[in-house]
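Chemist: Predicted model, plus sequence, below.
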Protein chains: 2
Amino acid sequence: SVNPDLASERQTASFSVEKLTALLDGGAEQTRIRRAVVEAIESDPVFSRENQYFQTQNERYEAAVRKAVHLQKKMHEMGWTENGPEYKYIYRALSGDVAFLLHRVFMRSISVLGSDKQIAKWIPLATQHKLIGSYAQTELGHGTYLQGLETTAVFDTATQEFILNTPKISAMKWWPGDMGRSATHTVVFAQLYIHGKCYGIHPFIVQIRSLQDHSLCPGITAGDIGPKMNFEHIDNGYLLLKNVRIPRENMLSKFCEVRPDGTYVRQGSQKINYFTMTTVRISLISDEVLTPLMKACTIATRYSAVRRQSKLKPGEQEAKILDYQTQQEKVLPQLAAAYAFHFINNYLQELFNRGYSEIQRKNFDMLPELHALSSGFKAVITQHCTAGVEICLRACGGHGYSLLSGLPSLYTKILASCIYEGENTILLLQTARFLIKCFMAANAGQPVPPSVTYLTAVKHGKCPAKNKLDFLSPDIYTEAYQHVAFRLTSSTAAKLQDLIQSGVKKHDAWNQCTVQLVQAAKAHCHYIAVKNFAETVEKLETKAGIQKIMKHLCDLFALHGIFSNTGAFLHDGYTSAAQMDMVTASYLDLLAVIRKDAVPLVDAFDFTDKSLNSALGSSDGQVYQRLYEWAQKSPTNQMSPAYERYLKPLLHNTLSKL
Amino acid sequence: SVNPDLASERQTASFSVEKLTALLDGGAEQTRIRRAVVEAIESDPVFSRENQYFQTQNERYEAAVRKAVHLQKKMHEMGWTENGPEYKYIYRALSGDVAFLLHRVFMRSISVLGSDKQIAKWIPLATQHKLIGSYAQTELGHGTYLQGLETTAVFDTATQEFILNTPKISAMKWWPGDMGRSATHTVVFAQLYIHGKCYGIHPFIVQIRSLQDHSLCPGITAGDIGPKMNFEHIDNGYLLLKNVRIPRENMLSKFCEVRPDGTYVRQGSQKINYFTMTTVRISLISDEVLTPLMKACTIATRYSAVRRQSKLKPGEQEAKILDYQTQQEKVLPQLAAAYAFHFINNYLQELFNRGYSEIQRKNFDMLPELHALSSGFKAVITQHCTAGVEICLRACGGHGYSLLSGLPSLYTKILASCIYEGENTILLLQTARFLIKCFMAANAGQPVPPSVTYLTAVKHGKCPAKNKLDFLSPDIYTEAYQHVAFRLTSSTAAKLQDLIQSGVKKHDAWNQCTVQLVQAAKAHCHYIAVKNFAETVEKLETKAGIQKIMKHLCDLFALHGIFSNTGAFLHDGYTSAAQMDMVTASYLDLLAVIRKDAVPLVDAFDFTDKSLNSALGSSDGQVYQRLYEWAQKSPTNQMSPAYERYLKPLLHNTLSKL
Ligand SMILES: Cc1cc2nc3c(=O)[nH]c(=O)nc-3n(C[C@H](O)[C@H](O)[C@H](O)COP(=O)(O)OP(=O)(O)OC[C@H]3O[C@@H](n4cnc5c(N)ncnc54)[C@H](O)[C@@H]3O)c2cc1C
Ligand SMILES: Cc1cc2nc3c(=O)[nH]c(=O)nc-3n(C[C@H](O)[C@H](O)[C@H](O)COP(=O)(O)OP(=O)(O)OC[C@H]3O[C@@H](n4cnc5c(N)ncnc54)[C@H](O)[C@@H]3O)c2cc1C
C-alpha cells in the first residue's frame, strides 16, 4: 500500500504526469518502447540488481560480465538490434551495470580510424564476439595531454612489424575499461617511430590475451588497477608492453599509413574523426549524468514527502520536511536543473545531427562552435549534476548516507563524469579559448558563429525590472544572463590584452587569466541553457498544464542561478541591489509554488522501483519498512569471527592469557 | 629516493617547517609526544592499514574490533592512560579505524546523566570491559527531532520495572554505532510513561546481549544496518524492543527519578548536561574534520608538484600542474582553510574551557553564545572541509578517483560529519535564532554576548580600500566580513518583522526566512573565523618566517571568501565593483605567492606515509611506482570465475549450447 503522505502528493498534481513523461521521452510511442525494454530486462532475473549494495568488486565484475553475455542472448530473443528503436533504452534499463562498454569504443575507433580493409577484417570479429576489445589511451603519466603519451611503436622494415614498448613506468597504460581482466584485444595509442624519427601518436590494434585460454600474450603484462570510488563492475586495467610485435597492417590507417619501405603517408581530412570524438562528450550526458541526477531527485523528493521531522507549528502534527523552505531550497533547484539540462541536451543532440550532415557535405564551418559547446556543456552539466546529487544525498539526513538509499552510489559514479572524457577545467578552458577568439573576431567586425553573436553587440544597459514579478519574465532574466556572459568574456579579453601589452609573455598571460576564463565559459553555457529552456517552454503545448509547470521550473532554474551567484549580476550595476532583493523574493516564492508539484514532477521521470534500487525512493513511500527488510539481508548480519576471536576473550577477561 | 620534482619544492621553503609543525601541535614537546605515539602504533603490525582499500565491510569490522582490543594491551604496555598526554594522539595515529567509540559515549552519558550510585556500579564494569556499551538515540523515524522519539518505557509499580517497547517500525533504534554486532549494553532513549502519563524522553540502561555467549537477550531483536558510504569498520545497528523489562535502577537518574510508588521527581539543573552535549560538536572537529582536510591537502599538493601535464610554454618541459593558476585555485584555498579552521578550533577549545569553569561556578551566562558558536562552527567547518576534500580529489584527475589515492575514503567519511551530531541546516538555524535574538536585544539597548557586539553598532560606511594592496590589510577585510554579517542578520530580522506585522503567523514567517537565516549564520561564522585568523597571525612570533607565511594564508582565506561570494559584499555598495576587481587581483596574486611554499605548508601537517595511506601523497613523490605496486595486490587480480563461466563460452562461441 502507498504511504498516504505520498499518495496525497499525487492527487493534487497541476499537470498530467503521463503527458510530461511522453514529452521527456520525445513522444508517447517512445515511452511505450522504453517501458517495454525496461519490463523485459527487469523481469529477467539474470539482470537483477538485488543485493548489489552488498557485493564486492569481484562479484560486481562477474555480474557485469554475466549480464553482458546474457544481453546478447536477450537481444536475439527479443529481436532488438543495434539500429532498432529499443537499443538506446537498454543501457538505462540495466542502470549501466554491464561489461564490454569499451568493446563498443574499440569497434567505433576501428570504424572511424581504420581503413576499409581493416574494418572488413575486425568489425565482423568484434560483432560476433570472437574477440573482446578495449581502448588503451590513458597512461599512468598522461591522460589530459595526449601528445605526451610515452608508449612507443617502432617500425621494423625488416619484418614489416611495429615493435611496441612501455619504456618507463609512467608510460604504462592505466585506466582503460574492460582491459584489466576481460579484453583479448585493445587499441593502443603510441608514439610512432620510423627510422628513428617520431611521427606522433597513432592507434595500433594489439592482441593482449590468448583467444584459446585467455593467458597473456608474450611481452604483455596486464591486470586490474584495483579499487575505485565506483565502477566496481568495470575492470579498468593496466598494460605493460615489452617488445610486442604486431604486423604493419595493425596500425589503423584511414588517415596515416606506413608503407612497407617505411615511408609515412598522411591522407584525407581528420576533421570528421575529430568530430566523432567531440560527440562522445554529448552522448554520455543522458545516461551517465542526467539519469543519475533525475534518480537522485526522485529519491530525495519522495523521501522528503514522507519524512516528518519537527513541528512547523506547535501543537500540530510533525511537518513533512519538504515543507521547510531550506529543504525546498536543496531539492527543487536540482529538479529544475534536471529539466533544464534535459532540454539543452535535446538541443545539443539536434545541433550535432545538423553538424553531422554539414560535415558529410564537407562543410566544416560548424566544427569550432560544436567543439566549444560540447566541451563547455560536458563540464557545466557534469559539474552541476554532481553537486546536485550530493545535495540530494545530504537532504536525506542520516538515511541518505546508507548505501540502501541508492544515493551514495549515484554520487560516487556521477563524480567520475567530471574527470573522464576530458577533465572539466581543461574543457572549460577550451570553450574559453573559443569565446576569446570570437570576441576578438567580433571586435574586428568579422562574422562569428550563431551561439556567440551576442558578443558582437556591446550593451551597457541596466536591467529594466521594476518589481519581483518582472523577474518571472524570460526576457528579463535571459538578458541578464547574456549581459553577465558578455561582461566576463570581454573583461577577461581585456585583461589578457593588457597583460600582453605590458610585456607578459602570451602563455603566461593566458595562465594568469585562466581562473576568470573558466568563469566566462561557465557563464556562456549557463546563458545558453537558460535561453534554451525559455525558448523550449515557449513552444510547448499549453494543454494538460505542461507549459505552466515547465515555465515555473524555467523561472526557478534561472532565478536560482542568479540567487546563487549574485555578484556576477551586481558587479557592474546591471542589476541593482533592490532588483536583487526582487530576485530573492521571486525565487523564494517559486519554491513554495513548485513544492506542490514536486512529487508529480519526479514521478514523470518514470523510474521503476527496480531501477532506483533505493529504500528511500520507491514509489510506495514505505521507506522504514524497506530499510529494515534490506538491512537484514546484509552480509554484516552473518556471524562474525570477531566474537570468538576478540570479543569473548575481552568480555571473559581471558585477554591476558592470549 | 625522493622524486626530484618534490625535493626541489622543499629546498625553497620560506619558513621553518619544523617550527610550524610545533605551532600546530601547541609546542615542540607536544610534537615529540605525538610522534612517539604515532611511531609506537605504526610499528605494531596489528594496527596496520595495509590492504585496507581491498577489504569488505565484514573484514573492516573485524579489523576494527581487533585493533580496539589490542589497543587495551598496547596502552598498558606503553604506560599510556586516559588522562595522560599521549591519549589524545592515539585516535589520530589509528586514523580512526577502531571499534568501541560508542562505548566511550556510553560511559560519558552515564557519568553525565547517572546518579552517583549508578556511576559507581557501571563505570568500573565498562572501564574493565566486562561489558561493551553503545548509545541508542536515533530511530528510523527520528534523528533531528528528539522529542519525537517513539520508543516507550512504561513504569510497572508492581514489579518496580520499566517495560520497554518499540511500538512501531519507525520507533526502531537505527544507526547507533557498536550496536549492530558488538555491544552488550546500550543507553536507550525512550518516552517515559507512569500511570499512563507521558513524561518525555529519558535514558535507560538496557542489556541487549548475553555476557556469557553474546546471544540476544529475551525481547531483543538487533543487527547491523548494512552497507554505508563509509564507516564500514563500525557496526551501526538496529534495535527492536518487545516487552523488555529492566529494573527501576536502570533509568539514569541524576536529574530525574521515578520513586517506587511512581512519583516522578525532577532534581538539579540540566544545564551542565546540555553543555556537555554541546562540547561534543567541537570535540569532533579536530580528528574527524580537520585531519581529513589536511590529509587531502597533503595528497593533492604533493601530487600536483610531481604530476606534469601539458606545456605552459611551447618547447619547454611539461609543467607541474601546480603551476597552473586553475590548479592553484583548487588546492591552495583549501590549504588556507585548513589553517584558518585549525586556529578557530583552538579558539573554540579555549572558549569552551573558560565556559566550563564558569559553569562549574554556576554561572550559565555564556551558554547561549557557546551553543550558537558550537552549532554554527560545526556546520560551517564540516561543510567547508567536505567541499575542500572533494575539490582535492578532483584536482588529482583520474588517479584521484582510485581508492589507492586515499582521497575517496577521506571524502566519503568526512561527508558524514555534515549529518551526524546535528544535521548542518538545523544547526545553522539554531545559530541564526541566537543572532536574531541578540540583534533584537541590541536594538532594544540590552547587552549582548561578546561575539555579537558588532550587531549593536549600526554602520553604513563604505570600504575604504584604494588599491589592491589595501586588501592585504586585515582591518579592511575583517571589517568587510563584519559588515556583511551585520547586513544579513539585520535585513533578515527586518523581513521577519515585516512578515509578522503583515499578519503572517510567527512560525510561517520564520520558515519563510530560513534560507536567508542560514546565510546570516554562515556569514557570522565566516566573519569570526577571519577575525580570529588575523588576530592569531598578529600574535605569532616573527622568527623563522612563520608569521609571514601565515599572514599570506590568512589573506588568502579572507580574499578567497570574498572572491567566491562577491554578491554579499557588493550588495549594498559597501564594496564597489572597482574594489572587487582589486580583491580579485590581490587574490590571484596571492595564489602565485603561496604556491612557492605549498609543499612545505603541507609537510608541516606532519602526516606519516602510513597515516596518509595514499599512493599519490607519500613524502617521496614516487606516485606511479606506488600505484602500480599497490594495484597488483588487489583481489581483482586473482583469477575470476567469470572467464570459465562467461567469457570462454562467448569467445569459443559455445554460448548457444549453454
Ligand atoms: C572512471 C574512469 C574511467 C576511465 N576509463 C578510461 C578508459 O576506458 N580508457 C582510457 O584511455 N582512459 C580512461 N580513463 C582516464 C581518463 O580519461 C583520464 O583520467 C582523464 O582524461 C583525466 O586526465 P588525467 O587523469 O590525466 O588528469 P590530469 O590532467 O592529470 O588532471 C589533474 C589536474 O591537473 C589539471 N591540469 C592538467 N593539465 C592542465 C592544464 N594544461 N591547464 C590547467 N590545468 C591542468 C587538471 O585540471 C586537474 O585539476 C578513465 C578515468 C576514470 C576516472
Ligand atoms: C555515520 C553516522 C553515524 C551515526 N551514529 C549514530 C549513533 O552512534 N547513535 C545515534 O543515536 N545516532 C547516530 N547517527 C544518526 C544521526 O545522529 C542522525 O542521522 C542525524 O542526527 C541527522 O538526523 P536525521 O537523520 O533525522 O536527519 P533529518 O532530520 O531527517 O534530515 C533530513 C532533512 O530534513 C531537514 N530537516 C529536518 N528537520 C528540519 C527542520 N525542523 N527545519 C528544516 N529542515 C529540517 C534537514 O535539514 C535535512 O535536509 C549516525 C548517523 C550517521 C550518518
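Modeler: Sure thing, it's come through. Ligands and ions are numbered 1, 2, ... in the order given.
Chemist: The strand or helix carrying residue A:650 packs against which elements?
Modeler: Using DSSP states H and E, residue A:650 falls within helix A:648-651. Applying 3 or more CB pairs under 8 Å, 6 or more residues apart in numbering or on different chains; DSSP states H and E, we find helix A:648-651 packed against helix B:57-78. For the C-beta atoms, the positions are set from N, CA and C on the backbone; glycine is no exception.
Chemist: Beyond the helix it packs on, next helix or strand please.
Modeler: Next along the chain after helix B:57-78, taking DSSP H and E as the criterion, comes helix B:87-93.
Chemist: Does the helix or strand following that next one reach ligand 2?
Modeler: Next along the chain after helix B:87-93, taking DSSP H and E as the criterion, comes helix B:101-113. Yes. Part of helix B:101-113 sits near ligand 2 under the criterion CB under 6 Å from any ligand atom, namely residue B:102.
Chemist: what's in contact with helix B:101-113?
Modeler: For helix B:101-113, contacts defined as CB atoms under 8 Å, 6 or more residues apart in numbering or on different chains pick out B:118-119, B:122-123, B:126-127, B:132-135, B:176-179, B:183, B:185-187, B:203, B:205, B:234, B:252, B:254-255, B:272-273, B:276.
Chemist: Using PyMOL, define a selection of the buried residues within those.
Modeler: Remark: buried members of the contacts of helix B:101-113, expressed as a PyMOL selection using 16 or more other CB atoms under 10 Å in any protein chain shown:
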select buried, chain B and resi 118+119+122+126+132+133+134+135+176+177+178+179+183+185+186+187+203+205+234+252+254+255+272+276
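Chemist: if we can go back for a sec, which positions in the helix holding residue A:650 come out as buried?
Modeler: A:649-651.
Chemist: just the contacts of helix B:101-113 that are near ligand 2?
Modeler: Among these, the residues within reach of ligand 2 (CB under 6 Å from any ligand atom) are B:135, B:176-177.
Chemist: Enumerate the residues of the stretch 401-550 of chain A near ligand 2.
Modeler: residue A:401.
Chemist: Name the spans of the stretch 401-550 of chain A whose pLDDT lies under the cut-off.
Modeler: A:458-459 (pLDDT under 70).
Chemist: Please report how far whatever residue of it ends up closest to ligand 2 lies from residue B:298.
Modeler: Residue nearest to ligand 2 within the stretch 401-550 of chain A (CB to the nearest ligand atom): residue A:401, separated by 4.1 Å. Note on residue A:401: its distance to residue B:298, by CB to CB, to the nearest Å, is 26 Å.
Chemist: just residue A:512 next, same as before
Modeler: Counting by CB to CB - residue A:512 and residue B:298 are separated by 27 Å.
Chemist: Please apply the same query to residue A:344.
Modeler: Distance, residue A:344 to residue B:298, by CB to CB: 39 Å.
Chemist: Counting neighbours around each, name which of the two comes out higher.
Modeler: Ranked by neighbour count (other CB atoms under 10 Å in any protein chain shown), residue A:344 and residue B:298 place residue B:298 first, with 29 against 24.
Chemist: Confirm that that one sits in a helix.
Modeler: Yes. Counting by DSSP: H, G, I helix; E, B strand; the rest coil, residue B:298 is part of a helix.
Chemist: In three-state terms, label the nearest residue to it once chain neighbours are set aside for me.
Modeler: Using CB to CB, 6 or more residues apart in numbering or on different chains and skipping residues adjacent in sequence, the residue nearest residue B:298 is residue B:602, 4.2 Å away. The three-state label for residue B:602, taken from three-state DSSP, comes out as helix.
Chemist: which ones are touching residue B:602?
Modeler: B:294, B:297-298, B:301-302, B:335 are the contacts of residue B:602 under CB under 8 Å, 6+ apart.
Chemist: could you dump those residues to CSV with distance to residue B:474?
Modeler: Shown next, in CSV, are these (distance: CB to CB, whole Å):
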residue, distance to residue B:474
B:294, 24
B:297, 23
B:298, 27
B:301, 25
B:302, 30
B:335, 19
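Chemist: Buried members of these into ChimeraX, please.
Modeler: Here is the ChimeraX command that selects the buried residues among those (16+ other CB under 10 Å):
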select /B:294,297,298,301,302,335
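Chemist: Turn the contacts of residue B:602 into JSON lines, columns for pLDDT.
Modeler: Converted to JSON lines, these look like this (pLDDT from 0 to 100):
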{"residue": "B:294", "pLDDT": "98"}
{"residue": "B:297", "pLDDT": "99"}
{"residue": "B:298", "pLDDT": "98"}
{"residue": "B:301", "pLDDT": "98"}
{"residue": "B:302", "pLDDT": "98"}
{"residue": "B:335", "pLDDT": "98"}
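Chemist: between the contacts of residue B:602, which is closest to ligand 1?
Modeler: The nearest member of these to ligand 1, counting by CB to the nearest ligand atom, is residue B:301 at 12.0 Å.
Chemist: Who are the contact partners of the closest one?
Modeler: Neighbouring residues of residue B:301 by CB under 8 Å, 6+ apart: B:322, B:331, B:335, B:598-599, B:601-602.
Chemist: Among those residues, name the ones in helices.
Modeler: B:331, B:335, B:598-599, B:601-602 (DSSP state H).
Chemist: got a list of what the nearest residue to residue A:402 once chain neighbours are set aside touches?
Modeler: Of all residues not flanking residue A:402 in the chain, residue B:228 sits nearest, at 5.5 Å (CB to CB, 6+ apart). Applying CB under 8 Å, 6+ apart, we find residue B:228 in contact with A:401-403, A:408, B:236.
Chemist: would JSON lines of those with secondary structure be doable?
Modeler: Output for the contacts of residue B:228, formatted as JSON lines (three-state DSSP):
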{"residue": "A:401", "secondary structure": "coil"}
{"residue": "A:402", "secondary structure": "strand"}
{"residue": "A:403", "secondary structure": "helix"}
{"residue": "A:408", "secondary structure": "helix"}
{"residue": "B:236", "secondary structure": "coil"}
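Chemist: In these, find the pair that's most separated.
Modeler: Pairwise distances across the contacts of residue B:228 (CB to CB) peak at 14.1 Å, for the pair A:408 and B:236.
Chemist: Which one of the residues in chain A is closest to ligand 1?
Modeler: For chain A, CB to the nearest ligand atom, closest residue to ligand 1: residue A:143, 2.3 Å.
Chemist: what residues are up against that residue?
Modeler: A:175, A:423, B:309, B:397-398.
Chemist: my read is it is in a helix, agree?
Modeler: No. Under three-state DSSP, residue A:143 falls outside any helix and is assigned coil.
Chemist: Just the pLDDT at it, thanks.
Modeler: The per-residue pLDDT reported for residue A:143 equals 97.
Chemist: how far away is it from residue B:471?
Modeler: To residue B:471, residue A:143 is 37 Å away according to CB to CB.
Chemist: try residue A:360
Modeler: 55 Å.
Chemist: Give me the more crowded residue out of these two.
Modeler: residue B:471 (27 against 9).
Chemist: surely the more buried one meets residue B:477?
Modeler: Yes. At 6.3 Å, residue B:471 counts as touching residue B:477 under the criterion of CB atoms under 8 Å.
Chemist: thinking again about what came up before, narrow the contacts of helix B:101-113 to those in strands?
Modeler: B:135, B:185-187, B:203, B:205 (DSSP state E).
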